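> Give the three-dimensional model of this entry:
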Amino acid sequence: MSIKTNTYIISVLFGAWALSTAQAAETYPNRPVRLIVPFAAGAAQDIMGRVVAQRLTEAWGQQVVVDNRAGAGSSIGVELAARAQPDGYTLLFANEAMAINATLSRNRTFDPLRDLLPVSMVVVNPRVFVLHPSVPVNSVKDLIALARAKPGEVRYGSSGVGTGPHLAAALFASMAKVEMTHVPYKGVAPAITDLLGGQIQMIVSVVGSAMPQIQSGKLKPIAVTTVKRSGALPKVPTVAESGVPGYEATAWSMLMVPAGTSRTLVARVYDSTVRVLENAEVKKRFASDGGEATSSSGEQAAKFLREEIQRWAKVIKEAGVRSEN
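Numbering: from 1, shown residues only. Alright, predicted model coming up:
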């Protein structure tokens, strides 16, 4: 068989594949789509994921079913998505835990940068430093002064070793050059319960989880972790403007698909997601928990993910954090 004939056959096959891919994109989705949320039902990530799933269901006329796959700090659900068929019918609602576990997880068998493809950022959530009212601290500068005067005596809780709340506080301790004691819990709810009881002094919580206690006066906020103030807590300054320049430790969510998903299908999911995030009701819903609906191109989301992985790898190394998974 001649080179010319081979070239013709390849051209025909490629043309048929391209036509099939284009047709699939035009009819997508023609059956239910699975949205993997790698956290338990009722968690903050699950609540936001369900908002997106509902809106995509309305836009597509096909059910987008939330599949909660909690465990191993989100790695179980993320790996399931990474191993799924790249046909557009499995989406992943990932968050910062994936970037942290890229360094921290010992048993991880996938690479989020290799095996998953970002579609768009979805929401950025500030965390907030909240303290028990009895702690004589009303600002970041007060917290630094107390931690320096009493090294190790400031006890902060988190939802577990290597979680966002843990590393946000560890980053603060590193940048402020103070020593504090980490007390890990099996979730944010028990950590907040002990904070309310005075067993620990502080937690760096997502705004939505701490807001009821803040509004009731049972906990006091001193700073948020984003580069700009939160619309939900406009009077609360950022950590960066309060004495630790350059500090940032956001919670975030990103929509992803398995690597190998065709560009046409990714573009379809992207276009629909952007329209969801532009919806006034969705923006209002995210804002009620302190979040900001934030769309981006896939390239921007991929760049952000790479930077997050690098940043948390440095914090993990400097803090000597060891994985429990």
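
> How about residues contacting the host helix or strand of residue 215?
Assessed by DSSP states H and E, residue 215 sits inside helix 207-216. For helix 207-216, the surrounding residues in contact (CB atoms under 8 Å, 6 or more residues apart in numbering) are 44, 125-128, 130, 188-189, 192, 196, 203, 219-221, 224, 230, 232-233, 288-291. Placement of C-beta: from N, CA and C, glycine included.

> Buried ones in it, by neighbour count?
The neighbour-count check on helix 207-216 (16 or more other CB atoms under 10 Å) flags 207-211, 213-214 as buried.

> What average pLDDT does that helix get?
What helix 207-216 shows for mean pLDDT is 93.

> go on, stretch 96-112?
Computed over stretch 96-112, the average pLDDT equals 90.

> Start and end of it, how far apart?
End-to-end distance of stretch 96-112: 12 Å, with CA to CA, to the nearest Å as the criterion.

> Helices of the protein, residue ranges please.
Along the chain, counting by DSSP state H, helices occupy 3-27, 44-60, 75-82, 96-104, 112-115, 140-149, 164-176, 188-197, 207-216, 263-278, 280-288, 298-319.

> To residue 35, which of the ones you listed lies closest?
For residue 35, the closest of the helices of the chain is helix 44-60, at 5.0 Å, according to CB to CB.

> distance between the closest one and the chain's centre?
Put simply, helix 44-60 sits 15 Å off its chain's centre (CA atoms, centre = their mean, to the nearest Å).

> returning to that earlier point: I'd like the helices of the chain laid out as a markdown table, including distance to residue 68.
A markdown table is the format used below for these (distance: least, CB to CB, whole Å):
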| stretch | distance to residue 68 |
| --- | --- |
| helix 3-27 | 28 |
| helix 44-60 | 6 |
| helix 75-82 | 8 |
| helix 96-104 | 14 |
| helix 112-115 | 19 |
| helix 140-149 | 36 |
| helix 164-176 | 18 |
| helix 188-197 | 17 |
| helix 207-216 | 18 |
| helix 263-278 | 20 |
| helix 280-288 | 19 |
| helix 298-319 | 22 |
